[in-house]
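Novice: coords please:
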Amino acid sequence: MRILTKLAWRAIAMAAVMPLASCGVHESARVPDYVIRIALPDSEGQIGLPPIQGPADASRPLVVIDAGHGGHDPGASGAGKLREKNVTLALALALRDALLKDGRVRVALTRSDDRFLVLEERSGIARRLGADLFVSIHADSAGNPTASGATVYTLSNRASDAVAADLANRENSADTINGVALGEKPDAVSTILVDLSRRETARESRSFSDLILREARPDVAFHPTPQRQAAFVVLKSLDLPSVLVEAGYISNPEDAGRLTDPAWRKGFADDLAKAIEIFLARKSASGQ
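Specialist: The predicted structure is shown next:
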């Protein structure tokens, strides 16, 4: 591959912004079908926060539900036109409805339509809203069509260690962990606070993962290894319990059939809502 000089890159950039007519191309020339125009998010400032639904009582716990993928990111693909982004949104909406019906907690969605969000924006929304729990919903895929079942992911210990070290090194004085401003503490104390928060959040996330399995079985068929840990970006919140739920394999015909069945989605949402309410009730009772 040839390496372009800075001058060459500048020439390319100038050509890209020149009027089409000056390049010998009429402005009404047809754009090829293979060209995809993507509206990128504004690099300045933060995106707007979604509405919080449910009880008006601000003391009620808040859960943020994240429908994976969206917009120009379709996620995994199943048979026909089945796309993960549509499956996850349907599941997220079903979970929201189940929680609002019970009326015990407040709810916010990272997206309620087919839009694109970068990974950091998803968990960032939950953090900015002061959420008590973050649940990201996805649908798995595999080259082996027999792979099936739901899986619940929490942040791995290795990933948590990396996040803790990164946060202790780079966060400024305005950043806080569990309401404590790190900038007001010596470096050694900040590191200890980050580590303690990481450990407690990891424990809470695993506890919630256990509840999901307890409440969803046997209604939901789980993978033989249903609880796993991975370094998902959306789970990297040091003071916010977070899980990523792979509701099933979109690449598996039987799983795909369940994922697209409104009745199954409602049952899945009801079970997950029970787990959420129990977890948040326990957390509230413990004074956390």
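
Novice: buried ones in stretch 142-155?
Specialist: 147-155 (16 or more other Cβ atoms under 10 Å). No exception for glycine: its C-beta is placed from N, CA and C like everyone else's.

Novice: Then stretch 124-132?
Specialist: For stretch 124-132, a neighbour-count test (16+ other Cβ under 10 Å) marks 124-126, 129, 131-132 as buried.

Novice: again, but for stretch 213-229
Specialist: Residues of stretch 213-229 classed as buried: 213, 215-216, 220, 222-223, 226-227, 229 (neighbour count, 16+ other Cβ under 10 Å).

Novice: Okay, and which of the residues you listed map to strands?
Specialist: Judged by DSSP state E, strands contain the following of these: 222-223, 226-227, 229.

Novice: would you list these in JSON lines and tack on pLDDT and distance to Asp271?
Specialist: Listed next are these as JSON lines, based on pLDDT from 0 to 100; distance: Cβ to Cβ, whole Å:
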{"residue": "Phe222", "pLDDT": "97", "distance to Asp271": "11"}
{"residue": "His223", "pLDDT": "93", "distance to Asp271": "16"}
{"residue": "Pro226", "pLDDT": "94", "distance to Asp271": "14"}
{"residue": "Gln227", "pLDDT": "93", "distance to Asp271": "16"}
{"residue": "Gln229", "pLDDT": "87", "distance to Asp271": "22"}
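
Novice: Save those residues as JSON lines, and put in distance to Val87 too.
Specialist: Shown next, in JSON lines, are those (distance: Cβ to Cβ, whole Å):
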{"residue": "Phe222", "distance to Val87": "17"}
{"residue": "His223", "distance to Val87": "17"}
{"residue": "Pro226", "distance to Val87": "19"}
{"residue": "Gln227", "distance to Val87": "21"}
{"residue": "Gln229", "distance to Val87": "23"}
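
Novice: Tell me how far Phe268 lies from Leu235.
Specialist: According to Cβ to Cβ, to the nearest Å, Phe268 and Leu235 sit 20 Å apart.

Novice: wait, which of the ones in strands among the buried residues of stretch 213-229 is closest to Tyr249?
Specialist: His223 (8.4 Å; Cβ to Cβ).
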